[in-house]
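Trainee: Sequence and computational prediction follow.
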Amino acid sequence: MAEEVLMSSSRKITSHLTGSLLAVAFLTSFGSSMLYGYNLAVVNSPASYIKDFYNQTVVSRNGTGLSAETLTLMYSLTVSVFAIGGLLGSLIVGVLVSRFGRKGTVVNTTVLVFLAGSLMGFSRMCGSPEMVIIGRFITGIHSGISLSVVPMYLGEIAPKNLRGFLGLVPSIFIGTGVFTAQILGLHELLGKEEYWPLFLSVVVVPTFIQLMLLPWFPESPRYLLIEKNNVHATITALKWYRAKCDIQAEIEEMQEEQRSLSSVETLSVWKLLLDDSVRWQVLSVVVINIGMQLSGIDAIWFYTNDIFENAGIPAPEIQYTTAGTGVIEIIAGLVGCFTIEKLGRRHLMVGGFTMMGVCSSGITVSVTYQAQLSLLSYVSVGCVVGIIAGFCIGPAGVPFLITA
């Protein structure tokens with residue numbers, strides 16, 4: 001049985017997209033990656049309501065309200081503490097995936113979402129701004145973990161010819177999360193003052209669905225064989241994820257990797273940076289991730305409403321126009337997902353960054369001179385769309401795929 005599968009074979013390791021692969025890609029991305037995008041955008045719509053809550057709470061405690069500067073500082077902390085949590089989550093993900101496995105880490109860290117959702121959902125009832133801030137910090141930890149472990153899990157369960165496609169599924173769901181927050185934040189839905197705690201805590205819904213369904217799927221075959229040395233479980237997992245049961249070549253490849261890893265010393269971060277044999281790999285990963293983080297996409301998302309307002313779009317319609325940019329994110333993510341195997345990682349990265357660079361130059365010129373030439377206001381709107389599209393085609397997801 002297991003021995004028969006381990007017989008030598010020269011067959012090419014390729015496979016078709018199966019229902020199990022697609023289901024796991026959607027479940028992990030829906031319950032984890034989408035929350036990152038959602039939490040990026042969720043605090044924009046209820047900003048004034050959250051500030052009012054902070055001020056009213058301090059008045060009830062101390063008898064005096066907060067100054068404008070202090071109130072802005074508290075809200076800024078609420079927004080930025082999410083990134084601080086993400087940094088912490090990214091630092092502990094290596095320990096978690098080694099101890100719990102890839103799927104196990106995704107499943108076990110759902111407790112963070114439920115804890116954060118409870119804190120934010122009951123914060124107004126308890127009159128505690130601290131609960132909102134702590135909840136945002138905890139969601140950041142979860143997102144920092146998810147941004148690393150989900151591409152890792154999908155990359156390890158996918159056959160080589162589908163790793164690019166499945167690896168970009170999380171980036172599509174990140175855009176979907178942003179779009180969902182923009183839609184739910186409309187005044188007709190959860191954009192009213194009384195609903196903002198529910199708006200922040202709705203993240204528990206996709207996580208609950210993930211928790212109910214994902215445990216039924218197998219762990220990463222690579223983790224089962226290389227780290228747990230469980231051949232039978234590896235074969236069972238591969239049968240789940242492959243269209244055919246002829247998987248001996250893939251088993252042999254993982255065993256070869258296992259043998260090579262057994263003779264390699266585990267490196268610390270400092271030793272890794274000093275290792276000449278992987279210097280170009282490390283440099284490539286660092287450069288593309290720095291490029292993604294410093295691409296200016298956060299500034300575009302933050303100032304989109306101001307740019308649209310300066311372009312002459314009526315104030316009541318700006319929220320709908322902004323939601324339209326979420327559709328652009330999803331479409332651009334789908335374009336990247338379905339073309340990555342044909343065009344390659346490099347072309348999507350270079351093309352996306354080039355598009356962002358051209359449009360960033362365009363928006364700089366148009367915003368600077370649109371007071372003298374009104375037609376430039378439309379150019380600035382088009383450049384916003386171009387920057388978002390360029391980012392979501394490649395730079396939004398490929399860096400995580402290459403790093404994983």
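Mentor: Yes, it's here. Numbers count the residues shown, from 1 in each chain.
Trainee: quick one: Ser201 and Phe114, what's the gap?
Mentor: 10 Å (C-beta to C-beta, to the nearest Å). All C-beta atoms are positioned from the backbone trio N, CA, C, and that covers glycine.
Trainee: who's more crowded, those two?
Mentor: Remark: of Ser201 and Phe114, Ser201 carries more neighbours, 22 against 16, as counted by other C-beta atoms under 10 Å.
Trainee: pretty sure that one contacts Leu115?
Mentor: No. Using C-beta atoms under 8 Å, Ser201 is not in contact with Leu115; the gap is 10.8 Å.
Trainee: what's the overlap in contacts for the two?
Mentor: Gly135 (C-beta atoms under 8 Å, 6 or more residues apart in numbering).
Trainee: what do Ser201 and Phe114 both touch?
Mentor: Listed as contacting both Ser201 and Phe114 by C-beta under 8 Å, 6+ apart is no residue at all.
Trainee: Pull the distance from stretch 175-190 to the chain's centre.
Mentor: Between the centre of stretch 175-190 and the centre of its chain there are 17 Å (C-alpha atoms, centre = their mean, to the nearest Å).
Trainee: Show me which residues of that stretch are buried.
Mentor: Gly175, Thr176, Gly177, Val178, Phe179, Thr180, Ala181, Gln182, Ile183, Leu184, Gly185, Leu190 (16 or more other C-beta atoms under 10 Å).
Trainee: what's the closest of these to Asn108?
Mentor: Proximity of those to Asn108 (C-beta to C-beta) peaks at Gly177, which lies at 21.1 Å.
Trainee: The one helix or strand that closest one maps to packs against which elements?
Mentor: Assigned by DSSP states H and E, Gly177 belongs to helix 169-184. Other elements packing on helix 169-184 under the criterion 3 or more C-beta pairs under 8 Å, 6 or more residues apart in numbering; DSSP states H and E are helix 19-28, helix 34-41, helix 129-157, helix 315-343.
Trainee: by how many degrees do that helix and helix 129-157 diverge?
Mentor: Relative orientation of helix 169-184 with respect to helix 129-157: 150 degrees, computed using axes from the mean of the first three to the mean of the last three C-alpha atoms, to 10 degrees.
Trainee: next helix or strand past helix 169-184?
Mentor: helix 196-201.
Trainee: related to what we said a few turns ago, export the helices and strands packed on helix 169-184 as TSV, with columns for mean pLDDT.
Mentor: Shown next, in TSV, are the helices and strands packed on helix 169-184 (pLDDT from 0 to 100):
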stretch	mean pLDDT
helix 19-28	90
helix 34-41	89
helix 129-157	91
helix 315-343	82
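Trainee: what about those helices, which gets the closest to Phe82?
Mentor: When the helices and strands packed on helix 169-184 are compared by C-beta to C-beta, helix 129-157 sits nearest Phe82, at 4.1 Å.
Trainee: how about the nearest residue to Ala325, chain neighbours excluded?
Mentor: Let me fix one detail, which is that residue 325 is Thr and not Ala. Ile388 (5.5 Å; C-beta to C-beta, 6 or more residues apart in numbering).
Trainee: Can I get the helices and strands packed on helix 169-184 in TSV including mean neighbour count?
Mentor: Formatted as TSV, the helices and strands packed on helix 169-184 follow (neighbours: other C-beta atoms under 10 Å):
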stretch	mean neighbour count
helix 19-28	20
helix 34-41	24
helix 129-157	24
helix 315-343	17
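Trainee: could you redo the ones you listed as JSON lines and give each row distance to Ser284?
Mentor: Below are these laid out as JSON lines (distance: least, C-beta to C-beta, whole Å):
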{"stretch": "helix 19-28", "distance to Ser284": "25"}
{"stretch": "helix 34-41", "distance to Ser284": "23"}
{"stretch": "helix 129-157", "distance to Ser284": "16"}
{"stretch": "helix 315-343", "distance to Ser284": "17"}
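Trainee: Of those helices, which is nearest Ile247?
Mentor: With C-beta to C-beta, the closest approach to Ile247 among those belongs to helix 129-157: 12.3 Å.
Trainee: Low-confidence ranges, the stretch 51-200 of the chain, go.
Mentor: The stretch 51-200 of the chain contains no residues with pLDDT under 70.
Trainee: and the residue nearest to Thr325, how many neighbours?
Mentor: Look at Ile388: counted by other C-beta under 10 Å, it has 25 neighbours.
Trainee: wait, what's in contact with it?
Mentor: Neighbour list for Ile388: Ile297, Ile300, Thr325, Ile328, Glu329, Ala332 [criterion: C-beta under 8 Å, 6+ apart].
Trainee: Can you lay out those as JSON lines showing distance to Thr78?
Mentor: Output for the contacts of Ile388, formatted as JSON lines (distance: C-beta to C-beta, whole Å):
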{"residue": "Ile297", "distance to Thr78": "21"}
{"residue": "Ile300", "distance to Thr78": "21"}
{"residue": "Thr325", "distance to Thr78": "23"}
{"residue": "Ile328", "distance to Thr78": "27"}
{"residue": "Glu329", "distance to Thr78": "24"}
{"residue": "Ala332", "distance to Thr78": "29"}
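Trainee: Tell me which two in these are the farthest apart.
Mentor: Based on C-beta to C-beta, the longest span within the contacts of Ile388 runs between Ile300 and Ala332 and measures 13.4 Å.
Trainee: May I have stretch 138-145 exported as CSV, CA atoms only?
Mentor: What follows is stretch 138-145, C-alpha atoms only, in CSV (Å, rounded to 0.1, in the frame of the first residue of the first chain):
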residue,chain,number,x,y,z
ILE,A,138,-6.1,41.2,18.7
THR,A,139,-7.6,41.3,15.2
GLY,A,140,-4.2,42.6,14.0
ILE,A,141,-2.5,39.6,15.6
HIS,A,142,-4.9,37.3,13.8
SER,A,143,-4.3,39.1,10.5
GLY,A,144,-0.5,39.0,10.9
ILE,A,145,-0.7,35.3,11.3
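Trainee: what sits up against that stretch?
Mentor: Contact with stretch 138-145 is made by 32, 35-36, 39, 81-93, 96, 105, 109, 112-113, 115-116, 119, 203, as judged by C-beta under 8 Å, 6+ apart.
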